[in-house]
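Asks: sequence and computational prediction follow.
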Amino acid sequence: MKKEKTIRLFLNSILTCGLAVLILNCSTAKEALEISKSEKETFKQVKGDTIKISSDLTEYEIIIIEPGFYTWLNSIAKPEGYYSQNFLENRNYIMVLEWNQRVLQPSRFSPNLYELQIDYSSQIDYGYEVNYKLYNYFIYFQRKYNQRLGPFVPRI
(Lines give C-alpha, C1' and ligand atoms only; values in the text may rest on other atoms or scores of the structure.)
Protein backbone atom coordinates (compact mmCIF):
# COMPACT_ATOMS: atom_id res chain seq x y z
CA MET A 1 0.00 0.00 0.00
CA LYS A 2 2.80 2.44 0.92
CA LYS A 3 4.73 1.52 -2.24
CA GLU A 4 1.60 2.05 -4.37
CA LYS A 5 1.04 5.50 -2.80
CA THR A 6 4.68 6.46 -3.47
CA ILE A 7 4.39 5.42 -7.11
CA ARG A 8 1.15 7.39 -7.47
CA LEU A 9 2.78 10.51 -5.96
CA PHE A 10 5.79 10.07 -8.24
CA LEU A 11 3.54 9.78 -11.33
CA ASN A 12 1.55 12.85 -10.25
CA SER A 13 4.81 14.79 -9.86
CA ILE A 14 5.96 13.77 -13.34
CA LEU A 15 2.58 14.68 -14.82
CA THR A 16 2.61 18.09 -13.10
CA CYS A 17 6.18 18.82 -14.29
CA GLY A 18 5.32 17.72 -17.83
CA LEU A 19 2.27 19.97 -17.88
CA ALA A 20 4.31 22.93 -16.60
CA VAL A 21 6.95 22.39 -19.29
CA LEU A 22 4.25 22.17 -21.96
CA ILE A 23 2.67 25.44 -20.81
CA LEU A 24 6.06 27.19 -20.72
CA ASN A 25 6.94 25.92 -24.18
CA CYS A 26 3.65 27.15 -25.62
CA SER A 27 4.11 30.62 -24.20
CA THR A 28 7.75 30.77 -25.38
CA ALA A 29 6.74 29.75 -28.91
CA LYS A 30 4.01 32.37 -28.96
CA GLU A 31 6.42 35.09 -27.81
CA ALA A 32 8.98 34.08 -30.45
CA LEU A 33 6.42 34.60 -33.21
CA GLU A 34 5.61 38.16 -32.21
CA ILE A 35 6.56 40.50 -35.03
CA SER A 36 7.91 43.92 -34.09
CA LYS A 37 6.68 47.11 -35.72
CA SER A 38 9.96 47.62 -37.61
CA GLU A 39 9.87 44.03 -38.84
CA LYS A 40 6.30 44.49 -40.10
CA GLU A 41 7.47 47.56 -41.99
CA THR A 42 10.14 45.55 -43.82
CA PHE A 43 7.52 42.96 -44.74
CA LYS A 44 5.42 45.71 -46.37
CA GLN A 45 8.17 46.78 -48.75
CA VAL A 46 7.29 46.30 -52.40
CA LYS A 47 10.55 47.40 -53.98
CA GLY A 48 12.37 44.25 -55.08
CA ASP A 49 15.56 43.53 -53.21
CA THR A 50 17.99 41.23 -54.96
CA ILE A 51 20.54 39.46 -52.82
CA LYS A 52 23.21 37.34 -54.43
CA ILE A 53 24.57 34.81 -51.99
CA SER A 54 27.89 33.36 -53.03
CA SER A 55 31.23 32.39 -51.65
CA ASP A 56 34.67 33.18 -53.03
CA LEU A 57 35.77 29.72 -51.91
CA THR A 58 33.07 27.81 -53.80
CA GLU A 59 31.27 28.07 -57.11
CA TYR A 60 27.84 28.06 -55.49
CA GLU A 61 25.45 30.95 -55.40
CA ILE A 62 21.86 31.67 -54.56
CA ILE A 63 19.94 34.67 -55.83
CA ILE A 64 17.04 35.87 -53.69
CA ILE A 65 14.60 38.41 -55.08
CA GLU A 66 12.39 39.35 -52.16
CA PRO A 67 11.13 42.81 -51.24
CA GLY A 68 12.33 43.79 -47.80
CA PHE A 69 14.80 40.96 -47.25
CA TYR A 70 17.94 43.07 -47.66
CA THR A 71 16.62 45.64 -45.18
CA TRP A 72 15.54 42.90 -42.76
CA LEU A 73 18.92 41.15 -43.03
CA ASN A 74 20.82 44.35 -42.23
CA SER A 75 18.55 45.73 -39.52
CA ILE A 76 16.73 42.89 -37.76
CA ALA A 77 18.60 39.60 -38.27
CA LYS A 78 21.33 38.50 -35.88
CA PRO A 79 24.73 39.72 -37.11
CA GLU A 80 27.21 37.53 -38.95
CA GLY A 81 29.19 35.49 -36.47
CA TYR A 82 26.26 35.08 -34.07
CA TYR A 83 25.64 31.47 -35.17
CA SER A 84 28.27 28.81 -35.81
CA GLN A 85 28.59 27.46 -39.32
CA ASN A 86 27.68 24.00 -38.02
CA PHE A 87 24.42 25.35 -36.54
CA LEU A 88 23.55 27.10 -39.81
CA GLU A 89 24.33 24.04 -41.93
CA ASN A 90 22.18 21.77 -39.76
CA ARG A 91 19.21 24.12 -39.78
CA ASN A 92 19.54 24.87 -43.50
CA TYR A 93 19.59 21.18 -44.35
CA ILE A 94 16.33 20.59 -42.45
CA MET A 95 14.61 23.64 -43.95
CA VAL A 96 15.80 22.89 -47.51
CA LEU A 97 14.34 19.37 -47.25
CA GLU A 98 10.97 20.79 -46.17
CA TRP A 99 11.12 23.54 -48.81
CA ASN A 100 11.80 21.05 -51.59
CA GLN A 101 8.95 18.80 -50.43
CA ARG A 102 6.60 21.77 -50.66
CA VAL A 103 7.78 22.67 -54.16
CA LEU A 104 6.79 19.15 -55.22
CA GLN A 105 3.27 19.58 -53.80
CA PRO A 106 1.80 22.64 -55.58
CA SER A 107 -1.77 21.56 -54.88
CA ARG A 108 -1.05 21.55 -51.15
CA PHE A 109 1.41 24.46 -50.85
CA SER A 110 1.26 27.72 -52.76
CA PRO A 111 3.41 27.58 -55.90
CA ASN A 112 3.69 31.36 -55.54
CA LEU A 113 5.67 30.82 -52.34
CA TYR A 114 7.49 27.63 -53.25
CA GLU A 115 8.55 28.09 -56.86
CA LEU A 116 11.90 26.37 -57.27
CA GLN A 117 13.77 23.60 -55.51
CA ILE A 118 16.99 24.42 -53.71
CA ASP A 119 20.01 22.26 -54.49
CA TYR A 120 21.73 21.97 -51.10
CA SER A 121 23.87 19.10 -49.90
CA SER A 122 25.13 18.46 -46.39
CA GLN A 123 28.28 17.02 -47.99
CA ILE A 124 29.36 20.38 -49.47
CA ASP A 125 30.98 23.23 -47.57
CA TYR A 126 29.25 26.33 -48.93
CA GLY A 127 31.07 28.61 -46.53
CA TYR A 128 29.76 30.76 -43.72
CA GLU A 129 28.30 33.61 -45.77
CA VAL A 130 26.14 31.37 -47.98
CA ASN A 131 24.82 29.45 -44.96
CA TYR A 132 24.24 32.63 -42.95
CA LYS A 133 22.21 34.35 -45.64
CA LEU A 134 20.26 31.24 -46.61
CA TYR A 135 19.37 30.60 -42.97
CA ASN A 136 18.25 34.18 -42.49
CA TYR A 137 16.20 34.07 -45.66
CA PHE A 138 14.38 31.04 -44.28
CA ILE A 139 13.72 32.89 -41.01
CA TYR A 140 12.53 35.98 -42.90
CA PHE A 141 10.31 33.87 -45.19
CA GLN A 142 8.73 31.96 -42.32
CA ARG A 143 7.99 35.07 -40.31
CA LYS A 144 6.71 37.11 -43.25
CA TYR A 145 4.45 34.41 -44.72
CA ASN A 146 3.57 32.65 -41.45
CA GLN A 147 5.10 29.37 -42.57
CA ARG A 148 6.99 26.69 -40.65
CA LEU A 149 9.87 24.89 -42.38
CA GLY A 150 10.67 22.40 -39.67
CA PRO A 151 10.24 21.78 -35.98
CA PHE A 152 11.91 25.02 -34.89
CA VAL A 153 10.13 28.28 -34.12
CA PRO A 154 11.45 30.92 -36.58
CA ARG A 155 12.86 33.38 -34.07
CA ILE A 156 15.35 36.16 -34.32
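Replies: Yep, that arrived.

Asks: low pLDDT regions in this protein?
Replies: 1-33, 46-51, 53-58 (pLDDT under 70).

Asks: how about a cut-off of 80?
Replies: 1-33, 38, 40-62 (pLDDT under 80).

Asks: where along it do the helices fall?
Replies: Applying DSSP state H to the chain gives helices spanning 2-32, 37-44, 69-75, 85-103, 128-145.

Asks: angle of the last one against helix 37-44?
Replies: Which is helix 128-145. With axes from the mean of the first three to the mean of the last three C-alpha atoms, to 10 degrees applied, the angle from helix 128-145 to helix 37-44 works out at 90 degrees.

Asks: what residues sit buried inside helix 128-145?
Replies: Going by neighbour count (16 or more other C-beta atoms under 10 Å), the buried part of helix 128-145 is 128, 130-144. Any C-beta I mention is one placed from the backbone N, CA and C, and that applies to glycine too.

Asks: now, among those, which is nearest to K37?
Replies: The nearest member of the buried residues of helix 128-145 to K37, counting by C-beta to C-beta, is R143 at 13.6 Å.

Asks: check contacts around that closest one.
Replies: The contact partners of R143, taken as C-beta atoms under 8 Å, 6 or more residues apart in numbering, are 33, 35, 39, 43, 154, 156.
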